[in-house]
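1. dropping a prediction and its sequence here:
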Amino acid sequence: MNTSVVDVPAGPTARSRRPVIALRNVVKEYRMGDNDVHALRGVSLDIPRGDFVAIMGASGSGKSTLMNIIGCLDVPTRGHFWLDGVDVRTLDDDDLARIRNRKIGFVFQSFNLLPRMSALANVELPLVYAGVRPHERKVRAARALEAVGLGQRMDHYPSEMSGGQQQRAAVARAIVTNPALILADEPTGNLDTESSLEVMAVFDVLHSQGRTVVLITHEEDIAAYTERVVKLRDGHIVDDYTQDPASARAIHQAHADAGRGGVPR
Ligand SMILES: Nc1ncnc2c1ncn2[C@@H]1O[C@H](COP(=O)(O)OP(=O)(O)OP(=O)(O)O)[C@@H](O)[C@H]1O
Ligand SMILES: [Mg+2]
């Protein structure tokens, strides 16, 4: 099977910009009773390693469907998807589960923390699934929580944290396996402005560390943090542009200047 993705010129720089995500004419249809729902109608998209991308579009436009395919949680009805140069159709369920655990960190709108576990135990979970020993798990989970500014909150249960802190704990859980790709489906959808800015500041740092970050958002000032915006409408990409994310720092600064609190770095 041909797993070459796109024309990649030789050289280390070019190689590092090889698309980590490549979709060609991806179609996703759901059968609902007698009707077909056309969630994606032929999406082609390359996301190079290290990109920071916002996916936008109205409700029902196909954003989560696209994210689920990129995250190997679902497969296209038709078309091709290569993750890191590998055609995902060649992988079985075990392979896909391994990729999800090792290469991808997921963040969801509703945090999805387990309520009966401390922040530290929640963040350790992906390492439990990966078979990491208890002592190393604790060390790595603590480090991930420190990285998102929750070093003082490790023993807190989700109900003892603010929404922004819970989402930062969820981000710590997403990064604890050191994945190259972070996927976030409306990570600030349930947060107030200040908490949203805190969470976006964490994504900003993850991106600056070289990770690929793809997030879905409805909000322009969240998308402003990213370098690239992909817009979906009715299962099609209708816009795809790069932007200077400096404008987002200005938003952040304006909020800080307005006395709405700092952002952990
Ligand atoms: N499992 C499913 N079964 C049937 N139809 C589905 C399923 N998942 C999504 N759809 C349909 O596919 C279309 C795209 O859904 P999707 O969840 O991708 O939209 P979205 O852009 O994420 O919307 P929102 O902003 O509301 O989250 C919608 O019409 C939706 O009803
Ligand atoms: Mg959605």
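-> Here it is on my side, so go on. Ligands and ions are numbered 1, 2, ... in the order given.
2. look up phi and psi at residue 23.
-> phi -120, psi 140 (degrees, to the nearest 10).
3. ok, now which ones touch it?
-> Counting by C-beta atoms under 8 Å, 6 or more residues apart in numbering, residue 23 touches 43, 44, 45, 46, 69, 70, 76, 79, 80, 81, 82. (C-beta placed from N, C-alpha, C; glycine too.)
4. now for the residues you listed: which two are most distant?
-> Largest separation among the contacts of residue 23 by C-beta to C-beta: 46 and 76, giving 15.7 Å.
5. the strands in the stretch 1-150 of the chain, which residues?
-> Here the stretch 1-150 of the chain has its strands, by DSSP state E, counting those that start in this stretch, at 19-32, 35-48, 52-57, 78-83, 86-87, 104-108.
6. using a markdown table, please lay out those strands together with distance to ligand 1 and mean pLDDT.
-> Formatted as a markdown table, these follow (distance: least, C-beta to the nearest ligand atom, whole Å; pLDDT from 0 to 100):
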| stretch | distance to ligand 1 | mean pLDDT |
| --- | --- | --- |
| strand 19-32 | 3 | 96 |
| strand 35-48 | 3 | 96 |
| strand 52-57 | 6 | 97 |
| strand 78-83 | 15 | 96 |
| strand 86-87 | 23 | 92 |
| strand 104-108 | 11 | 95 |
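7. what is the mean pLDDT for stretch 233-250?
-> Across stretch 233-250, pLDDT averages out at 84.
8. centre of the chain to it, how far?
-> Stretch 233-250 sits 16 Å away from the centroid of its parent chain (C-alpha atoms, centre = their mean, to the nearest Å).
9. between residue 46 and residue 76, tell me which one has more neighbours.
-> Neighbour totals were compared for residue 46 and residue 76, and residue 76 leads with 21 against 17 (other C-beta atoms under 10 Å).
10. can you give me the helices in the stretch 101-250 of the chain?
-> For the stretch 101-250 of the chain, the helices defined by DSSP state H, counting those that start in this stretch cover 119-129, 134-147, 163-175, 193-208, 220-223, 246-257.
11. tell me the buried residues in the second one?
-> Right, helix 134-147. 137, 138, 140, 141, 142, 144, 145, 147 (16 or more other C-beta atoms under 10 Å).
12. lowest pLDDT pick from the residues you listed?
-> residue 147 (92).
13. in CSV, list the buried residues of helix 134-147 along with distance to ligand 1.
-> CSV is the format used below for those (distance: C-beta to the nearest ligand atom, whole Å):
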residue, distance to ligand 1
137, 33
138, 35
140, 32
141, 30
142, 33
144, 27
145, 28
147, 28
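14. what does the pLDDT read for the residue at minimal distance from the centre of the chain?
-> For the chain, the residue nearest the mean C-alpha position is residue 183 (1.4 Å; C-alpha atoms, centre = their mean). Looking at residue 183, its pLDDT reads 97.
15. now check stretch 236-244, is it near ligand 1?
-> No. Using C-beta under 6 Å from any ligand atom, stretch 236-244 stays clear of ligand 1, with a minimum separation of 11.9 Å.
16. so who does residue 30 touch?
-> Applying C-beta under 8 Å, 6+ apart to residue 30 gives the contacts 36, 37, 39.
17. let's see it at 10 Å
-> 36, 37, 38, 39, 65, 74, 77 (C-beta atoms under 10 Å, 6 or more residues apart in numbering).
18. now the buried members of those.
-> 38, 39, 65, 74, 77.
19. who does the residue nearest to residue 45 when sequence neighbours are not counted form a beta bridge with?
-> Spatial nearest neighbour of residue 45, excluding adjacent residues (C-beta to C-beta, 6 or more residues apart in numbering): residue 23 at 4.7 Å. Beta-bridge partners of residue 23, counted by DSSP bridges, are residue 45, residue 81.
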